[in-house]
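In: Got a predicted model here, sequence first, then my questions.
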Amino acid sequence: MTGQTPTRTHLGGTIMRRTIGLLLLIGLTSGPAWTAEPAPAERLIERLGSQEYSEREAAMKALDAMGPAALDALKKATESSDAEIRRRAARLISVITKRIETSGLLAPQTLRLAAKNAPLNEVVNELRKKSHYDVQLDPRMTNPDRTVTLDTGDVPFWTALDKLCAAAGLVENTPPVQPDQPAPNGVRGSSVVIIGGGGGFRAVPSDIMKPETPEKEDVILLSDGKPGAESLFVAGALRVVPVAPAAASVRNTPNAGEHLATLDVSVEPRLRWVQALSVRVDKAVDDQGQNLAGKLAFFGKPVPRGPANVFINGQPVYPDEPTPQGAAARWVPIRLQRGDKPSKTLAELSGTLMALVQSAQEPLVVVNKPMNAVGQAAQNRGALLKVLEASKTDDGLYVLRFHVESPPRGIEDGSAGMTGSSLVMINGRVVGGGNDEPLSALNFALLDDKGKPFEIIKATNTGKRAGALRELEFAFKPAEDQGEPAKLVYAGRRASIVEVPFTLKNVPLQ
């Protein structure tokens, strides 16, 4: 957000599709009274192989609307003798499964704020207590003790925050976004490459008891201000808000013959926003009734400025390129074609946003009975944990050396071209690894059979690698009378692509 938090109509609330009338789409003749009637999903699957295109498409829509209830039948259909049925069933499984994953990842935290003539600071404290998010009042406020009355009902966090802002005359205080700074003299040339393989690097152990760059909890700072008239869209844990043109122009400006609409997309603080991947606009009607959706383009990652440190296959890699921080990292600019009549706002903007989001911290991989699991590996959704060595020292410490591979944190990051044993390193860091999420003692736990963790007294990254695998060594100290290790747990964030349909009103244009 950029200085204003709208108090407006909530247009989202769910990304799940409404069930449509299946019977109107089926229209099948019933069999004899003495035969078992096929389940609705099975009857629809038969129509996936219909000779009529319209019938195949209608069946696709109906099965899609059934969602999880159709998955078992669709999995059986992937073994059909009809190639068209197999193809369409596989496509539906992918679509429905992705929607389930998106719904789970973006499941909102819900809460209720109810206050009657209560001091504002007490209401904010209650929001912070119930949400566990760091919501604060700007210390420069002149009257933080003024009273507020509201009852939000049981709503997602973003909705509760918005209703509080509307009732108390508050806006989110977002730090100003800084424009990109061009490199001196526009230099983009020299390259420094260090390539090695076959044991060409010397492993340097490092202490990882504490994170190299600790995650900072997002602070939501509320200041006095008048909320804008733009609409707010909430889809569970995700929020979309238009950015004011004056603020958006700091980083992006429209080309000749174009308008620019900039959206600020954020997720609840327990999640991590990575980047927007694409936007498909279905409707963009301005205040003159003109459709401006004739020319659309999503602005991806800006072309980096400054000298290139390394070239791989002729392509520059900018390992030290600063990425947008704060609000700018969440901004999604959309190009729109100008109409014949001048316009200042979009009366309605609707479409689908595709973005990369990281989950809250969660257990990723578990190795059971790790002291007896040397040589064994556990894998889950791109993450891997393999015990290389397990021992107990004379003074009672449990020492575990293991390989770990983090789940992919993004897509198309350039790492696909890195194969074999060769690595590119700049300033001692591997470039193009793709999965190198920072790891520390906070990511691992050794638990006894009662789920009690052992104390970590040593955590070392040995510096040795086997491709994407990193080698770590930990020493754990048991408490008095603590049982044997039962589980070695690797916890972290997993990245998921989410697709969210959205609708906004009164979107300002540049």
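Out: Yes, it's here.
In: Name the SS class of Met60, please.
Out: At Met60, secondary structure determined by DSSP: H, G, I helix; E, B strand; the rest coil is helix.
In: what sits against the nearest residue to it once chain neighbours are set aside?
Out: Leaving aside its chain neighbours, Met60 sits nearest to Arg88 (6.1 Å; criterion: C-beta to C-beta, 6 or more residues apart in numbering). Heads up, the C-betas are built off the backbone N, CA and C, glycines and all. Counting by C-beta atoms under 8 Å, 6 or more residues apart in numbering, Arg88 touches Leu48, Arg56, Met60.
In: pLDDT score for Tyr266?
Out: To be clear, residue 266 is Ser; Tyr isn't right here. Looking at Ser266, its pLDDT reads 89.
In: And Thr5, by the same measure?
Out: pLDDT at Thr5 comes out at 40.
In: sorry, back to before: in the helix or strand the residue nearest to Met60 falls within, which residues are buried?
Out: Here Arg88, judged by DSSP states H and E, is contained in helix 83-105. By neighbour count on 16 or more other C-beta atoms under 10 Å, the buried set for helix 83-105 is Ile85, Arg86, Arg88, Ala89, Leu92, Ile93, Ile96, Arg99, Thr102, Ser103, Leu105.
In: Show the subsequent helix or strand relative to that helix.
Out: As the chain continues past helix 83-105, the following element, by DSSP H and E, is strand 110-111.
In: Distance-wise, check Leu364 relative to Phe402.
Out: As judged by C-beta to C-beta, to the nearest Å, Leu364 and Phe402 stand 13 Å apart.
In: go on, Ser343?
Out: According to C-beta to C-beta, Ser343 and Phe402 sit 60 Å apart.
In: now the strands for the stretch 51-200 of the chain?
Out: Counting by DSSP state E, counting those that start in this stretch, the stretch 51-200 of the chain has strands at residues 110-111, 114-119, 134-137, 147-151, 155-156, 170-172, 195-196.
In: looking just at contacts, which helices and strands does the longest one meet?
Out: Applying 3 or more C-beta pairs under 8 Å, 6 or more residues apart in numbering; DSSP states H and E, we find strand 114-119 packed against helix 120-131, strand 147-151.
In: Out of those, which one sits most buried?
Out: Compared across the helices and strands packed on strand 114-119, helix 120-131 shows the largest average neighbour count, a mean of 17 (mean count of other C-beta atoms under 10 Å).
In: Show me what counts as buried in the helix or strand that contains Asn461.
Out: Asn461 is part of strand 455-466, with elements assigned from DSSP H and E. Within strand 455-466, the residues that qualify as buried are Ile456, Ala459, Thr460, Asn461, Lys464, Arg465, counting by 16+ other C-beta under 10 Å.
In: Wait, the second one touches Leu442, no?
Out: No: counting by C-beta atoms under 8 Å, Ala459 stays clear of Leu442, with 9.2 Å between them.
In: before we move on, back to that, okay, Ser343 and Phe402: which has more neighbours?
Out: Neighbours per residue (other C-beta atoms under 10 Å) separate Ser343 from Phe402, with Phe402 holding more: 25 against 19.
In: host element of the more buried one?
Out: For Phe402, the element it lies in under DSSP H and E is strand 398-405.
In: neighbouring contacts of that strand?
Out: Contacts for strand 398-405 (C-beta under 8 Å, 6+ apart): 367, 370-371, 377, 382-393, 435, 439, 446, 454, 462, 466, 468-478, 485, 488, 490.
In: Just list whatever residues bridge to the residue nearest to Trp158 when sequence neighbours are not counted.
Out: Take Trp158 and drop its neighbours on the chain: the residue closest to it by C-beta to C-beta, 6+ apart is Arg239, 4.4 Å away. Assessed by DSSP bridges, Arg239 has beta-bridge partners Val234, Ser266.
In: now, which of the buried residues of strand 455-466 sits nearest Ala70?
Out: Proximity of the buried residues of strand 455-466 to Ala70 (C-beta to C-beta) peaks at Arg465, which lies at 43.9 Å.
In: Surely that closest one is in contact with Glu471?
Out: Yes: the criterion here is C-beta under 8 Å, and Arg465 meets it with Glu471 at 6.9 Å.
In: pLDDT score for the spatially most central residue of the chain?
Out: The C-alpha lying nearest the average C-alpha coordinate of the chain belongs to Val357 (C-alpha atoms, centre = their mean; 0.7 Å). Predicted confidence (pLDDT) for Val357: 89.
In: now do the one 10 residues further on
Out: As predicted, Val367 sits at a pLDDT of 96.
In: Can you give me the distance of it to Ser440?
Out: 19 Å.
In: again with Ile45
Out: 49 Å.
In: same deal with Pro269?
Out: Look at Pro269 and Ser440: by C-beta to C-beta, they are 20 Å apart.
In: Can you check what angle separates the strand holding Asn461 from strand 398-405?
Out: Here strand 455-466 points in a direction 40 degrees away from that of strand 398-405 (axes from the mean of the first three to the mean of the last three C-alpha atoms, to 10 degrees).
In: I'd like to know which elements strand 455-466 is packed against.
Out: Packed against strand 455-466 by the contact rule (3+ C-beta pairs under 8 Å, 6+ apart) you find strand 206-207, strand 444-448, strand 469-477.
In: Rebuild the ones you listed as TSV, extending it with mean pLDDT and mean neighbour count.
Out: Converted to TSV, the helices and strands packed on strand 455-466 look like this (pLDDT from 0 to 100; neighbours: other C-beta atoms under 10 Å):
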stretch	mean pLDDT	mean neighbour count
strand 206-207	90	12
strand 444-448	96	20
strand 469-477	95	20
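In: tell me the contacts of Tyr490?
Out: Pro363, Leu364, Val365, Val366, Ala383, Leu385, Val404, Asn443, Phe444.
In: Which of the helices or strands spans the residue lying closest to the last one once chain neighbours are set aside?
Out: Computed as C-beta to C-beta, 6+ apart, the closest residue to Phe444 that is not its neighbour in sequence is Tyr490, at 5.8 Å. Element membership for Tyr490, per DSSP H and E: strand 485-492.
In: In the stretch 201-350 of the chain, where is pLDDT below threshold?
Out: The model of the stretch 201-350 of the chain has pLDDT under 70 over residues 201-202, 214, 216-217, 229, 294-328.
In: repeat that for 90
Out: Along the stretch 201-350 of the chain, segments meeting pLDDT under 90 span 201-206, 209-221, 224-232, 234-236, 243-262, 264, 266, 269-282, 290-340.
In: residue contacts, Leu509?
Out: Neighbouring residues of Leu509 by C-beta under 8 Å, 6+ apart: Pro245, His259, Leu260, Ala261, Asp286, Leu336, Ser343, Lys344, Thr345, Leu346.
In: Identify each of the strands in the stretch 251-400 of the chain and give its residue range.
Out: Going by DSSP E, counting those that start in this stretch, the stretch 251-400 of the chain shows strands at 258-267, 272-286, 310-312, 315-317, 331-337, 345-358, 362-368, 377-380, 383-392, 398-405.
In: Now do the domain split for the chain, please.
Out: According to automatic domain parsing, the chain comprises the domains 22-28+36-105, 110-169, 362-492.
In: Which of the ones you listed sits closest to Glu212?
Out: Nearest to Glu212, of all these, is domain 362-492, at 5.5 Å by C-beta to C-beta.
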